[in-house]
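A.B. asks: Got a predicted structure here, sequence first:
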Amino acid sequence: MKIEDVRKSAYSMPLTSPSYPRGPYRFIDREFMIVTYRTDADALRAVVPEPLVFDEPLVKFEFIRMPDSTGFGDYTESGQVIPVRLGNVAGGYSHSMYLNDESPIAGGREIWGFPKKLAGPSLGVDKDTLVGTLDYGSVRIATATMGYKHERLDPAPVLKSMLAANFLLKIIPHVDATPRICELVQYELQDVTVKGAWSGPAAIELFEHALAPVARLPVREVVSGVHIRADLTLGMGRVVHDYLA
């Protein structure tokens, strides 16, 4: 393969059989359960990177079913998103993400810098209860429950919240294991259609794990539970801070 052919075809690894196709990536019938809880401010300060700041010590623990995802197929993910600000721009910082499909793990990390690790999340309905679980290997690290569709929500504010900014810390190492890329990335969801949104009583329990430390942001008080179904496109990112500049 000639040099110009490498330049023309290279966008992911492996070169001759990339782990995912080129975007954009459209998600149909994406289902969220989001349990927002209050945590310790000092614990948040230890993990939120400057220049991001937070106003309240809140964490959104998300369980997301993606049955129809362009290029990525059918998978589930879970993780913690922290409400933050970059100057006057409010949004969410993705602190941890765990999912069960190699293709979106590779694409999410390589393109945007999503902090994705392989694990076993699930989201489903058990009688009258929406249930989200997260296992790392064979070990349970999170369980969340929510009353199923107790109260319908106005889709307008839900849509507004989904269109807010999202922030990621993208890290790509050099061949000597020093950081080659270390950037704060911002992206937004696009072409969002909210098909339904509901609230209900919610609970969440986190368990300590050395390699999946979700419990280091401990639950002090559950603030809300929200259940959403939507179609959306994952927008491309842009660099808003270069830590190596």
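C.D. replies: Here it is on my side, so go on.

A.B. asks: Tell me, please, the helix or strand in the chain that averages the lowest pLDDT.
C.D. replies: When each helix and strand of the chain is scored by mean pLDDT, DSSP states H and E, helix 3-9 comes last, with a mean of 94.

A.B. asks: Show me what the host helix or strand of residue 229 is packed up against.
C.D. replies: Element membership of residue 229 [criterion: DSSP states H and E] is strand 221-234. On a contact count with 3 or more C-beta pairs under 8 Å, 6 or more residues apart in numbering; DSSP states H and E, strand 221-234 meets strand 25-38, strand 139-147, helix 155-162, strand 189-199, strand 202-206. Yep, even glycine has a C-beta here, placed from its N, CA and C like the rest.

A.B. asks: need those in a markdown table with distance to residue 19 and mean neighbour count, can you?
C.D. replies: Listed next are the helices and strands packed on strand 221-234 as a markdown table, based on distance: least, C-beta to C-beta, whole Å; neighbours: other C-beta atoms under 10 Å:
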| stretch | distance to residue 19 | mean neighbour count |
| --- | --- | --- |
| strand 25-38 | 13 | 19 |
| strand 139-147 | 25 | 21 |
| helix 155-162 | 27 | 15 |
| strand 189-199 | 22 | 16 |
| strand 202-206 | 30 | 19 |
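
A.B. asks: And these: which comes nearest residue 223?
C.D. replies: strand 25-38 (4.4 Å; C-beta to C-beta).

A.B. asks: residues of whichever helix or strand comes after that closest one that come out buried?
C.D. replies: Note on strand 25-38: by DSSP H and E, the next helix or strand toward the C-terminus is helix 41-45. Along helix 41-45, these residues count as buried under the neighbour rule (16 or more other C-beta atoms under 10 Å): 43, 44.

A.B. asks: helix or strand right after helix 41-45?
C.D. replies: Trace forward from helix 41-45 with DSSP H and E and the next one is strand 58-69.

A.B. asks: So what does the residue lying farthest from the centre of the chain have for phi and psi?
C.D. replies: Centroid-distance maximum for the chain: residue 2 at 38.0 Å, with C-alpha atoms, centre = their mean. Main-chain torsions, residue 2, degrees, to the nearest 10: phi -80, psi 160.

A.B. asks: switch to numbering from 36
C.D. replies: Okay, using 36 as the starting number, the last item reads as residue 37.

A.B. asks: Report the contact partners of it.
C.D. replies: Contacts for residue 37 were tallied using C-beta atoms under 8 Å, 6 or more residues apart in numbering; there are none.

A.B. asks: how about 10 Å then?
C.D. replies: Residues in contact with residue 37 (C-beta atoms under 10 Å, 6 or more residues apart in numbering) are residue 43.

A.B. asks: Return the distance of stretch 163-174 from the chain's centre.
C.D. replies: Offset of stretch 163-174 from its chain centre (C-alpha atoms, centre = their mean, to the nearest Å): 16 Å.

A.B. asks: before we move on, what about stretch 196-209?
C.D. replies: 9 Å.
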